[in-house]
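Asker: My questions are about this predicted structure, shown below with the sequence.
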Number of protein chains: 2
Amino acid sequence: MIKVVILGSGNVGTHLFKAFNKKNSEIKIKQWYSRNLKDLAPYSDLVKITDQLDKLEFADVYILAVNDDSIYELSTQLLFSNRLVCHTSGSKSKNELNLKNRSAVFYPLQTFSKESEIDFSKIPICLESTNPNDMITLKKISKSLGCTYYEIDSNQREKLHLAAVFVNNFTNHMYTIAKSITDKSKIDFNILKPLITETVNKINTLDPKEAQTGPAIRGDKKTTDKHLMDLDNEKHRQLYKLITNLINDLDHEKL
Amino acid sequence: MIKVVILGSGNVGTHLFKAFNKKNSEIKIKQWYSRNLKDLAPYSDLVKITDQLDKLEFADVYILAVNDDSIYELSTQLLFSNRLVCHTSGSKSKNELNLKNRSAVFYPLQTFSKESEIDFSKIPICLESTNPNDMITLKKISKSLGCTYYEIDSNQREKLHLAAVFVNNFTNHMYTIAKSITDKSKIDFNILKPLITETVNKINTLDPKEAQTGPAIRGDKKTTDKHLMDLDNEKHRQLYKLITNLINDLDHEKL
């Protein structure tokens, strides 16, 4: 049985709590801490809650599921030392944590929103630790959640987070732009959903570079020029030109 | 029974042939035409094939599944008149077709590659016709394929195709860039796949604008500055800045 204290009541903290709080789990949630105790109130029948750092109980792992900018401060405010303390951030180094404790990283690579349910077992966990024994503990926790895990150092994790911004944040913005286009022409955005799904399915069997289709890779300038005329937002036109250009470069790389 | 002639042996033509060529189909494929008869040779036991336009038989519908730039020429070369002739292009107007026949559009909104199997019934079909009776025929064909169909005029279809470029071509390029980042850092690109899938799942319940997460929408300049330093391709840096900027604008629109 691994004893865990969760610190933070945001999306990641809440989803972690729900994932740990299963029957027959090998994880015992000792306590859940938040500065805002009222966020934890709905869970007070299920777990000990606190907003006092000096009331934190002993645990095998302290998971700081807080904003990137709060990691350093919160880790410094902890009143104990030489315990295993990890953060859950994609973009912060392990060394962001105050070194009085054994620092580590437990980064679930997924986009969380409080309202949507998530199958935690499908989330890859990126692990990093200073101490090899701590790595064993973090792997046990990942396994008990049914997750695939990867040992990823801070430098790699920063790059992975950058790549995640492209596949998630930026892709989502492509959907936003597409919806603004369909809305303006009174077209149901849902027409595009099978295409969106198939775009993802394709990269399960093809390298994305090989999966590229469309006017840009074909060098179909008539169509790309017409599209540019159809876009009434100057930044969208810039974006269209830039990505079309990048896809074109790809074609030349191949030759 | 609706009699169909398919013209073109590319991805769309081939997938259409396979979708029509089912037992108990209400569609009878009279003939399959291609300039390159050898492309059709593997199917010669299943359907009459030809590379001679003067050998085309009578049918209720002629489907021109050819490159955008060949639509006008091929439709002009047809030796008959006043029959229902449609193209399958997202970006070309119905009037691209020679007007000696009854022009129409049968546009399956999907990304096709020859190698991958496709469940045609999941593809939305955008229909347009000059003649109301022809619309009835095109709807019957869509229904017999199990497809959802939409009446979309040429102007709307052009916009829809532009939106499709964003959700498919450009999104796929985001995956390409992400893979170049993970490859360079010797990280397994597969780690990102659950995130890619969840990005799509989210927009089934949320407007993409509402689903936006990440450093750009949070205005987390520390992280976006670090990411810009991590990108070693100047065009990728431009792209990162531009999309970050666009996501930021979104935040201001909300206020």
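Answerer: Received it, and whenever you're ready, just let me know what you need.
Asker: mind listing what residue A:224 touches?
Answerer: Taking Cβ atoms under 8 Å, 6 or more residues apart in numbering or on different chains as the contact definition, residue A:224 lies against A:215-216, A:240, A:244. From N, CA and C alone the C-beta is placed, and that goes for glycine too.
Asker: tell me, which of these make contact with chain B?
Answerer: A:215-216, A:240 (Cβ under 8 Å from any Cβ of the partner chain).
Asker: Adding distance to residue B:112 and secondary structure, write those residues out as TSV.
Answerer: What follows is these, written out as TSV (distance: Cβ to Cβ, whole Å; DSSP: H, G, I helix; E, B strand; the rest coil):
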residue	distance to residue B:112	secondary structure
A:215	15	helix
A:216	17	helix
A:240	23	helix
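Asker: Which single one of those is nearest to residue B:251?
Answerer: Nearest to residue B:251, judged by Cβ to Cβ, of these is residue A:240 at 21.8 Å.
Asker: from what I can see the closest one touches residue A:228, true?
Answerer: Yes. Here residue A:240 reaches residue A:228: they are 6.0 Å apart, a contact under Cβ atoms under 8 Å.
Asker: out of those two, which sits in the busier spot?
Answerer: Counted by other Cβ atoms under 10 Å in any protein chain shown, residue A:240 and residue A:228 do not tie: residue A:240 has more neighbours, with 22 against 15.
Asker: Would you map the helices across the stretch 1-150 of chain A?
Answerer: With DSSP state H, counting those that start in this stretch applied, the stretch 1-150 of chain A shows helices at A:11-20, A:37-40, A:71-77, A:132-144, listed in chain order.
Asker: residue closest to the middle of chain A?
Answerer: Per Cα atoms, centre = their mean, the C-alpha nearest to the average position across chain A is that of residue A:110, at 3.4 Å.
Asker: which ones are touching the residue lying closest to it once chain neighbours are set aside?
Answerer: Ranked by Cβ to Cβ, 6 or more residues apart in numbering or on different chains and with sequence neighbours excluded, the top spatial neighbour of residue A:110 is residue A:123, at 4.5 Å. By Cβ under 8 Å, 6+ apart, the residues touching residue A:123 are A:108-110, A:145, A:147, B:194.
Asker: In strands only, show me these.
Answerer: Among these, the residues falling in strands (DSSP state E) are residue A:108.
Asker: between the contacts of residue A:123, which is closest to residue A:159?
Answerer: Checking those against residue A:159 by Cβ to Cβ gives residue A:109 as the nearest, at 12.3 Å.
Asker: Isn't the closest one up against residue B:191?
Answerer: Yes. Residue A:109 is within contact range of residue B:191, at 6.1 Å (criterion: Cβ under 8 Å).
Asker: give me phi/psi at residue A:99?
Answerer: phi -80, psi 0 (degrees, to the nearest 10).
Asker: any idea how far it lies from residue B:32?
Answerer: 71 Å (Cβ to Cβ, to the nearest Å).
Asker: more crowded one of those two?
Answerer: Neighbours per residue (other Cβ under 10 Å) separate residue A:99 from residue B:32, with residue B:32 holding more: 28 against 13.
Asker: Could you point out the bridge partners of that one in the sheet?
Answerer: Residue B:32 forms beta bridges with residue B:6, residue B:49, as assigned by DSSP bridges.
Asker: State the distance from it to chain A.
Answerer: To chain A, residue B:32 is 23 Å away according to Cβ to the nearest Cβ, to the nearest Å.
Asker: re the thing from before, am I right that the residue nearest to the centre of chain A is in contact with residue A:119?
Answerer: No. The criterion here is Cβ under 8 Å, and residue A:110 misses it with residue A:119 at 9.9 Å.
Asker: quick one: low-confidence parts of chain A?
Answerer: Along chain A, the parts satisfying pLDDT under 70 run over A:114-115, A:252-255.
Asker: Now do the strands in the stretch 101-250 of chain A.
Answerer: With DSSP state E, counting those that start in this stretch applied, the stretch 101-250 of chain A shows strands at A:102-108, A:125-129, A:149-151, listed in chain order.
Asker: Next up, the contacts around the closest residue to residue A:246 other than its chain neighbours.
Answerer: Once flanking residues are discounted, residue A:246 sits nearest to residue B:235: 5.6 Å by Cβ to Cβ, 6+ apart. When contacts are counted by Cβ under 8 Å, 6+ apart, residue B:235 touches A:242, A:245-246, A:249.
Asker: Among those, the buried ones, what's the PyMOL command?
Answerer: Buried subset of these, written as a PyMOL selection, criterion 16 or more other Cβ atoms under 10 Å in any protein chain shown:
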select buried, chain A and resi 242+246
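Asker: And the contacts of residue B:235, which two are furthest apart?
Answerer: Pairwise distances across those peak at 10.7 Å for A:242 and A:249 (criterion: Cβ to Cβ).
Asker: wait, what's in contact with the residue nearest to the centre of chain A?
Answerer: A:118, A:123-124, B:194-195, B:198.
Asker: Can you name the two of these that sit furthest apart?
Answerer: Of all pairs drawn from these, the greatest distance, 12.8 Å, lies between A:118 and A:124 (Cβ to Cβ).
Asker: ok, back up a step: out of the strands of the stretch 101-250 of chain A, which is closest to chain B?
Answerer: Distance to chain B, taken as Cβ to the nearest Cβ, is lowest for strand A:149-151 among the strands of the stretch 101-250 of chain A, at 6.0 Å.
Asker: so what does that closest one touch, helix or strand wise?
Answerer: If you count contacts as 3 or more Cβ pairs under 8 Å, 6 or more residues apart in numbering or on different chains; DSSP states H and E, strand A:149-151 packs onto strand A:125-129, helix A:132-144.
Asker: May I see these arranged in TSV, with mean neighbour count and distance to chain B as well?
Answerer: Shown next, in TSV, are these (neighbours: other Cβ atoms under 10 Å in any protein chain shown; distance: least, Cβ to the nearest Cβ, whole Å):
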stretch	mean neighbour count	distance to chain B
strand A:125-129	23	7
helix A:132-144	17	13
